[in-house]
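> Any chance you can model this:
(2 chains)
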Amino acid sequence: MSPLLGANGPDSFIWWAWVGDHLDEIWERTVQHVQLTAIALVVGFAISVVLALVALRFRRTYAPITAAAGVMYAIPSLALFAFLVPITGLTLLTAEIGLVSYTLLILIRNIVAGIDGVPTAVREAADGMGYTSWRRFVAVDLRLATPTIVAGLRIAAVTTIGLVTVTALIGQGGYGALINDGLSRSFNTPIVVGATLSIAMAITVDLLLVGFERLVTPWTRAER
Amino acid sequence: MTGPYQLLAAAEPDPSLWSEFTTYITTAENWTGDRGIWADLVAHVEISVTAVAIAAAIAIVPAVLLGHAKKGGLFAVSVVNIGRALPSFAIIALVLPFSLEWGFGLGFWPTCVALVLLAIPPMFTNTYTGVRDVDAGTVEAAAGMGMTPRRVIWAVEVPSAAPLIITGARVAAVQVVATATLGALVGFTGLGSLIVEGFAQQNDGKLLTGAFLVAVLSLLTEALFYGVQRLATPWARVAEPRRARRRRSPRIEPVALDV
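Residues are numbered from 1 along each chain as shown, chains lettered A, B, ... in the order given. Model prediction:
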């Protein structure tokens, strides 16, 4: 019998009775997954803003910064955890170092490209209106760069949510723990639940960020 | 079968890492045999090449045709977004029961399916955007010279889009090499198996050897595709004089999401 259409029981593709009995665990894993993702994105964004500002101020640093972030991005997550575990142990820190390092390349590139793409004429106009450089940066540069920055955030968020499933291998929970549990017992239901919820979360967060972008950049709607 | 989760939880930090790593990787016996480092490396390369080739066969032709017709942008966006959202680890786990049921076995094919799904989105979108955004004047000129639409596609649009198409393949290949590591969790004996077994046996030398080799392989893949791109698109180099290129500040491009 196909695993999808098996009789409803422990061997079927998804066994709803198990899901009903384990709602508490599923909720706990959801909270962990959200926490791991949120920390990675907040920290990754903060680091990226700093590095992007450095790259914008000192042009020569852009290539080395992105090259370093690119190397971090190319190293597989499991390999990175393998390097880190002997040093930092099976901790949240290890997981977050891995997750954050994968957001950097995407975020730095998009923040720099977004701010870089602000037309010089607009900047000059702001200067002419007597804006201080700080006010111009917040009210003009950052706002006009928002669509590009949010595009970067969307990619980073969706990638991170998928990657968080791997952090279960170093004992950090999240939906990966459900998947792992299922794998170790050859039991499909937790795998299906973990994978489906992880994908659902990625799509939800992506849509939320699109909504946020539309909210903060009303002018892009008028153009279309 | 004990799960990787429990196995990894047994790992303990160790002070003499560097010497364990160099000892493990330089011991000749560790390289030979069916389960030696060399066999794992070959298996890793095999699965990566297979997955990228299958994904290219699936993604590139439709993407070229849609890009030529300048239709299907919405479809392309959905493909990338959903593709990015799929956690490879979960896909491998999800494909596993089907693979066993249909006789494809443990390890290679469940991992390969997940890798193909991972590789399709970047190849599809880059090819689609690349072909769609080929200069309209160039295409018109080619058509005006009497080229058939088929020749316009293969002699003009695809070569013009080649840098972007190769970039898509590069992104896909690097992700595939990196993610093939996770196949170890369902019994695929690539480089990831060194990591997983290293954790399980508390053998830091083995663990770090796997991690080191897979990291090197990822970076080599990246370098290889840069080389291919430069060789395949010589005109991109001669378009600008050398001095002008050096003086200009680096071009900064965002990572596109919407196509």
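> wait, what's in contact with residue A:201?
A:30, A:33-34, A:37, A:161, A:175 (Cβ atoms under 8 Å, 6 or more residues apart in numbering or on different chains). Using the backbone N, CA and C atoms, a C-beta is placed for each residue, glycine as well.
> so which of these also contact chain B?
A:161, A:175 (Cβ under 8 Å from any Cβ of the partner chain).
> Among the contacts of residue A:201, which one has the most neighbours?
Across those, neighbour numbers were computed from other Cβ atoms under 10 Å in any protein chain shown; residue A:175 holds the maximum, 32 neighbours.
> Let's verify the closest residue to it other than its chain neighbours: helix, strand, or coil?
Residue nearest to residue A:175 in three dimensions, not counting chain neighbours: residue A:194, with 4.0 Å by Cβ to Cβ, 6 or more residues apart in numbering or on different chains. Per DSSP: H, G, I helix; E, B strand; the rest coil, the secondary structure class of residue A:194 is helix.
> what's near enough to touch residue A:194?
A:29, A:165, A:175-179, A:182, B:90, B:93.
> Selection in PyMOL covering whichever of the residues you listed are buried, please.
The PyMOL selection below is limited to those of the contacts of residue A:194 classed as buried (16 or more other Cβ atoms under 10 Å in any protein chain shown):
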select buried, (chain A and resi 29+165+175+176+177+178+179+182) or (chain B and resi 90+93)
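> Show residues contacting the helix or strand hosting residue A:179.
Here residue A:179, judged by DSSP states H and E, is contained in helix A:175-185. With contact meaning Cβ under 8 Å, 6+ apart, helix A:175-185 is reached by A:25-26, A:29-30, A:32-33, A:164-169, A:187-195, A:197-198, A:201, B:1-6, B:87, B:89-90, B:93, B:96, B:185-186.
> Could I get the contacting residues of residue 83?
If you meant another chain, say so; for now it's chain A. So residue A:83 contacts B:208, B:211 (Cβ under 8 Å, 6+ apart).
> Hmm, no, I was thinking of chain B.
Here residue B:83 is in contact with B:117-118, B:120-122 (Cβ under 8 Å, 6+ apart).
> For those residues, which two are the farthest from each other?
B:117 and B:122 (11.5 Å; Cβ to Cβ).
> Give me the more crowded residue out of the two.
The neighbour count for residue B:117 versus residue B:122, taken as other Cβ under 10 Å, is higher for residue B:122 (23 against 18).
> And the more buried one, how far from residue B:84?
9 Å (Cβ to Cβ, to the nearest Å).
> ok, the most centrally placed residue in chain A to chain B distance?
Central residue of chain A (Cα atoms, centre = their mean): residue A:157, 2.4 Å from the mean position. In this view, residue A:157 and chain B are 10 Å apart by Cβ to the nearest Cβ, to the nearest Å.
> which residues touch that residue?
Here residue A:157 is in contact with A:37, A:41, A:202, A:205-206, A:209 (Cβ under 8 Å, 6+ apart).
> Can you give me the pLDDT of it?
Note for residue A:157: predicted pLDDT of 93.
> Phi and psi next, for it.
Per-residue torsions, residue A:157: phi -60, psi -50 (degrees, to the nearest 10).
> and the residue lying closest to residue A:39 once chain neighbours are set aside, what is it in contact with?
Leaving aside its sequence neighbours, residue A:39 sits nearest to residue A:96 (Cβ to Cβ, 6+ apart; 5.7 Å). By Cβ under 8 Å, 6+ apart, residue A:96 lies in contact with A:36, A:39-40, A:43.
> If we use 10 Å, what do you get?
A:36, A:39-40, A:43-44, A:88, A:167, A:172 (Cβ atoms under 10 Å, 6 or more residues apart in numbering or on different chains).
> go on, residue B:207?
A:79, A:81-83, A:85-86, B:8, B:11, B:14, B:17, B:20-21, B:24, B:194-201.
> Around residue 88, how many other residues sit close by?
All of this refers to chain A. 17.
> was after chain B, sorry
25.
> can you give me the helices for the chain?
You didn't pick a chain, so chain A it is. Along chain A, counting by DSSP state H, helices occupy A:16-21, A:23-57, A:62-74, A:77-88, A:92-116, A:120-128, A:133-136, A:142-167, A:175-185, A:188-216, A:218-223.
> Correction: the question concerned chain B.
Under DSSP H, chain B gives helices at B:4-9, B:17-26, B:37-69, B:73-85, B:88-101, B:108-132, B:136-144, B:149-151, B:158-179, B:191-200, B:204-232, B:235-238, B:242-247.
> Could you find the closest non-adjacent residue to residue A:140?
residue A:126 (4.7 Å).
> What distance do you get for the residue nearest to residue A:39 to residue B:89?
For residue A:96 relative to residue B:89 (Cβ to Cβ), the value is 18 Å.
> Report the helix or strand with the lowest average pLDDT across chain A.
helix A:218-223 (a mean of 70; mean pLDDT, DSSP states H and E).
> what's the neighbour count on the residue of chain A found nearest chain B?
Per Cβ to the nearest Cβ, residue A:184 is where chain A lies closest to chain B, at 2.1 Å. Per other Cβ under 10 Å, the neighbour tally for residue A:184 reads 17.
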